[in-house]
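>>> Here's my sequence, what's the structure:
(4 chains)
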There are 2 protein chains.
Amino acid sequence: MKPKTDAHRFSRSPCAVACTLDLVGDKWSLLVVRDLLRGHVTYKELQNSREGIPTNILADRLKKLEGAGLVAKSAYQEHPVRYAYGLTERGKDLSDVLMALVRWGKKHIPGTQAL
Amino acid sequence: MKPKTDAHRFSRSPCAVACTLDLVGDKWSLLVVRDLLRGHVTYKELQNSREGIPTNILADRLKKLEGAGLVAKSAYQEHPVRYAYGLTERGKDLSDVLMALVRWGKKHIPGTQAL
DNA sequence: AGACTAACTTGCACTATGCAAGTGAAGCTC
DNA sequence: GAGCTTCACTTGCATAGTGCAAGTTAGTCT
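As a prediction, the model looks like this:
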């Protein structure tokens, strides 16, 4: 399944910042990516993350991230069927952005941690 | 005027990513920061940016960014009074985040530019 | 059968966003 | 000095997104 980057191409402008923000520029998407980088794999694990993401938002973000080709979902067992979420290469590349955010936060918001 | 980082401390968690996203984690804030880095100074210049930010949103974001100590506003002339917006040191440090976003966008969304 | 878990979905109130139009202060034009 | 223009916003309102609680479905456990 190829990522559908073409569907919403340049909804605002061809700026790389604007387009990237159209994919992950909200309060939750990058936290989901952070948790996936940290090794959270199941829906439950993602849901139990410290920030307490509402379950409908989590389901929606996973769907959108999957649609954007950043996240891949697979059943790791049948009976009962259980799903594992993971980052694609595209998704893993966001770690640079995450790291930049961590550096900024640790430097400018006292008391915050990398987590 | 000291930045009021204490007012909303850790509304979600002490994670640096979460806290940073609470400040700039929406579709417009980082684009405003990008434009300020590019040298846009007046309200009009910011408004005329390619993405066409709605004027009420722009006013709101500038207020919030100023409240967070990322942006400073000053009158650069009287009669008529005209304002210049600029990034503080805290704000300028976000260039690392912006650059990471640009790198990701250019690599993964074909056709986008740094701008 | 009854309770429990994972992984969602649905309903609804509340908040945020986006567009258009309006405001006020000052300058410029004739 | 009446009228037009510009800058820097503010206001109103419809639509879209978020957040909380509750419900659902499929399967396991006892």
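
>>> a helix runs through A:Y85, doesn't it?
No - looking at A:Y85 with DSSP: H, G, I helix; E, B strand; the rest coil, it is strand, so not inside a helix.

>>> Measure how buried it is and give me the count.
Using other Cβ atoms under 10 Å in any protein chain shown, A:Y85 is surrounded by 21 other residues. For the C-beta atoms, the positions are set from N, CA and C on the backbone; glycine is no exception.

>>> what's the distance between it and A:V32?
Distance from A:Y85 to A:V32, counting by Cβ to Cβ, to the nearest Å: 9 Å.

>>> Between the two, which contacts overlap?
Common neighbours of A:Y85 and A:V32 (criterion: Cβ atoms under 8 Å, 6 or more residues apart in numbering or on different chains): A:L46, A:L62, A:V71.

>>> and the helix or strand where the first one lies, how far out from the chain's middle?
Which is A:L46. For A:L46, the element it lies in under DSSP states H and E is helix A:43-47. Distance, stretch centre to chain centre, for helix A:43-47: 13 Å (Cα atoms, centre = their mean, to the nearest Å).

>>> Stretch A:104-115 too?
20 Å.

>>> Can it be said to contact chain B?
Yes - judged by Cβ under 8 Å from any Cβ of the partner chain, stretch A:104-115 and chain B are in contact via A:W104, A:G105, A:K106, A:K107, A:H108, A:I109, A:P110, A:G111, A:T112, A:Q113, A:A114, A:L115.

>>> The helix holding A:L46 close to DNA strand D?
No - judged by Cβ under 7 Å from any atom of the strand, helix A:43-47 and DNA strand D are separated, with a smallest distance of 10.4 Å.

>>> Return the list of helices and strands in contact with that helix.
The contact analysis (3 or more Cβ pairs under 8 Å, 6 or more residues apart in numbering or on different chains; DSSP states H and E) places helix A:43-47 against helix A:29-37, helix A:55-67, strand A:82-87.

>>> cutoff 7 Å now
helix A:55-67 (3 or more Cβ pairs under 7 Å, 6 or more residues apart in numbering or on different chains; DSSP states H and E).

>>> where does chain A dip in pLDDT?
Low-confidence segments of chain A, defined by pLDDT under 70: A:1-9.

>>> Around DNA strand D, which positions in it sit nearby?
A:26-28, A:52-57, A:60, A:79-81.

>>> measure the residue nearest in space to the middle of chain A to chain B for me?
In chain A, the C-alpha nearest the mean C-alpha coordinate belongs to A:V33, at 2.9 Å (Cα atoms, centre = their mean). A:V33 sits 9 Å away from chain B, going by Cβ to the nearest Cβ, to the nearest Å.

>>> Can you name the residues that contact that residue?
A:V24, A:L87, A:G91, A:L94, A:L98 (Cβ atoms under 7 Å, 6 or more residues apart in numbering or on different chains).
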